[in-house]
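*Asks:* No sequence on hand, only this structure:
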């Protein structure tokens, strides 16, 4: 019998991997959720970005990881996209992270969770 991953399990994998990759604990990030220090901000923004990339969660659900609002998630996504385009070292590291997380997730089937029903005929 195959085991499927829910969005919450995928979120946990992304958070655990990211924290390990950047060498910071999730507890430290949560405790310093109001910190503007780069050592806290960038890992939080990466987590927002990657959780958004690998799950079907909405902006509000993703922002709630660090008790933030949806605007913070949208800003984080813009910052990460900008860093990806302008910083070669950042791009290389993020690409590695994406490949590693993808390979972890490919090892288990993923549950596609419907967040809302869309009617294409209205």
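*Replies:* Yep, that arrived. Keep in mind that what you see is a predicted model, and the values were worked out from it rather than measured.

*Asks:* all strands of this structure, in order?
*Replies:* Taking DSSP state E as the test, none of the chain falls into strands.

*Asks:* Could you list the low-pLDDT ranges of it?
*Replies:* Applying pLDDT under 70 to the chain flags the ranges 1-3, 108-122.

*Asks:* Could you pull out the buried residues of the top helix by length along it?
*Replies:* For the chain, the helix with the greatest residue count under DSSP state H is helix 88-106. Buried residues in helix 88-106, defined by neighbour count with 16 or more other Cβ atoms under 10 Å: 90, 93, 94, 97, 101, 104, 105. In this view, the C-beta of every residue, glycine as well, is placed from N, C-alpha and C.

*Asks:* Dump the residues you listed to JSON lines, plus distance to residue 70.
*Replies:* Listed next are the buried residues of helix 88-106 as JSON lines, based on distance: Cβ to Cβ, whole Å:
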{"residue": "90", "distance to residue 70": "24"}
{"residue": "93", "distance to residue 70": "26"}
{"residue": "94", "distance to residue 70": "22"}
{"residue": "97", "distance to residue 70": "23"}
{"residue": "101", "distance to residue 70": "23"}
{"residue": "104", "distance to residue 70": "27"}
{"residue": "105", "distance to residue 70": "24"}
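
*Asks:* ok, the residues you listed vs residue 65, which is closest?
*Replies:* The nearest member of the buried residues of helix 88-106 to residue 65, counting by Cβ to Cβ, is residue 101 at 15.5 Å.

*Asks:* Now for the residue lying closest to residue 73 once chain neighbours are set aside: which residues touch it?
*Replies:* Closest residue to residue 73 in three dimensions, ignoring its sequence neighbours and counting by Cβ to Cβ, 6 or more residues apart in numbering: residue 63, at 4.2 Å. By Cβ atoms under 8 Å, 6 or more residues apart in numbering, the contact list for residue 63 reads 48, 69, 70, 71, 72, 73.
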